[in-house]
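Asker: Would you be able to build a 3D model of this:
(chains A and B)
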Amino acid sequence: MPNDYIHIILADDDEDDRLFFVDAFEELNMNTKVNTYNDGIELMAYLNSEGALLPQVLFLDLNMPKKNGIECLNEIKANHKLSDIAIAIYSTSASEEDIEETFVLGANIYIKKPSSFDDLKKVLSEVVSINWQYHTNGLNKDNFLLRM
Amino acid sequence: MKLFIKFDFNAICKKVLETKLDQFNIKYRILAFGEVELLEKIPSENYEALNAALNDFGIEIVESQKSILVQKIKDAIIDMVFNEDAGVNVKSSVYLSEKLGHSYGYLSNLFSEVTYTSIENFIILQKIEYTKQLLLTTDLSLTEIAFKLNYSSVAHLSTQFKNTTGITPSAFQRIISKRRDRAQQKS
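Answerer: Residues are numbered from 1 along each chain as shown, chains lettered A, B, ... in the order given. Below is the predicted model:
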């Protein structure tokens, strides 16, 4: 089918992490369109704006100033217009409590930020391809939990 | 008496295409030569019927032929995983090539080319999805599920679950049940 590109958004206050993220997708050549936001307030303003193009996957950094990842996650899950977006937590922390808490709050994917660019590419390509499987094969998104 | 005629192949093809596409009520735009853009999704039965109708004129849909076959592979796999009577006892490569009438090598290459994943991975993903569903909707233990899905041992299923999702089957159950508790508290 035409127009089968995958729309991806990242909200992260760290400029380097945003750059690596965009570069990784550019090198992956997966027919993706990537937008980034610098914090939770910017992100939510976009998602709530009239006619916003909603992403298939939203990558959320947990520690952001002004509005953190958990607050964004709660707002997104409480809004039925946004509740279909697959949420990937993208964090430097890999504490079991953070992981379980965000899954319980409705996140689908938990990624500990990889330390090398090659690992980042591998992780992102896997996430997008599994999400794509869920998206195109009508799998039950409520049961979609993935930890990388 | 003889008639002498001149053809314009382009015009003929275009007219045939338009007539057939209209006949199936498909919204389309004819782009360059040999390329038609569909403006809405059409069900796969219609695809096949359209293709058959075009074949009468020597016209063949090239690209979506592949996607139809990929869809058939997926359907066959889902049937194999979710329906125990479908013959899970034979090797999946044998099952698929017999059911679809192509060699497994051909099916496997085509699948990877179109979906960016392999048949093997797709089967694992489906089995793990089925395991999740059984864990949440039945009282079956993981051992019983492993047996039902023809795993050699519960450890094998448990490892595959962890490798595919990054979490253990019991963590999965715990998270989903906490989610449900939360949803109940809210309402």
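Asker: now the helices for the chain?
Answerer: Going with chain A. A:15-28, A:40-48, A:69-78, A:96-104, A:117-136 (DSSP state H).
Asker: The intended chain is chain B.
Answerer: Counting by DSSP H, the helices of chain B are B:9-23, B:44-55, B:63-82, B:92-100, B:104-115, B:119-137, B:142-148, B:154-165, B:169-186.
Asker: got the contact list for the fourth one?
Answerer: Looking back up the chat, that one is helix B:92-100. B:69, B:72-73, B:76-77, B:80, B:86-88, B:103-104, B:107-108, B:119, B:123 (C-beta atoms under 8 Å, 6 or more residues apart in numbering or on different chains). Using the backbone N, CA and C atoms, a C-beta is placed for each residue, glycine as well.
Asker: Residue B:20 contacts residue B:50, correct?
Answerer: Yes. Residue B:20 sits in contact with residue B:50 when judged by C-beta atoms under 8 Å, with a separation of 6.4 Å.
Asker: before we move on, back to that, compare the helices of chain A and give me the one nearest chain B.
Answerer: Among these, the nearest to chain B by C-beta to the nearest C-beta is helix A:96-104 (4.5 Å).
Asker: What helices and strands are in contact with the closest one?
Answerer: Helices and strands touching helix A:96-104, by 3 or more C-beta pairs under 8 Å, 6 or more residues apart in numbering or on different chains; DSSP states H and E, are helix A:69-78, strand A:86-91, strand A:109-112, helix B:169-186.
Asker: for these, which one ends up most surrounded?
Answerer: Most buried of the helices and strands packed on helix A:96-104, by mean neighbour count (mean count of other C-beta atoms under 10 Å in any protein chain shown): strand A:86-91, with a mean of 24.
Asker: Return the distance of the residue in chain B that chain A sits nearest to relative to residue A:111.
Answerer: Nearest residue of chain B to chain A, counting by C-beta to the nearest C-beta: residue B:166, 2.9 Å away. Remark: distance between residue B:166 and residue A:111 (C-beta to C-beta, to the nearest Å) = 9 Å.
Asker: same question, residue A:47
Answerer: From residue A:47 over to residue A:111 the distance is 20 Å, taken as C-beta to C-beta.
Asker: Could you do residue A:140 as well?
Answerer: 21 Å.
Asker: Please apply the same query to residue B:162.
Answerer: Distance, residue B:162 to residue A:111, using C-beta to C-beta: 16 Å.
Asker: for residue B:54, same thing?
Answerer: From residue B:54 across to residue A:111, the span is 46 Å (C-beta to C-beta).
Asker: tally of neighbours for residue B:1?
Answerer: Residues lying near residue B:1 (other C-beta atoms under 10 Å in any protein chain shown) number 2.
Asker: List, one by one, the residues from chain B near chain A.
Answerer: Residues of chain B lying close to chain A (C-beta under 8 Å from any C-beta of the partner chain) are B:37-38, B:41, B:74, B:116-117, B:122, B:125, B:129, B:132-133, B:136, B:165-167, B:171-172, B:174-176, B:178-179, B:182.
Asker: could you redo the last one with a cut-off of 6 Å?
Answerer: B:116, B:117, B:125, B:129, B:132, B:165, B:166, B:167, B:175, B:178, B:179 (C-beta under 6 Å from any C-beta of the partner chain).
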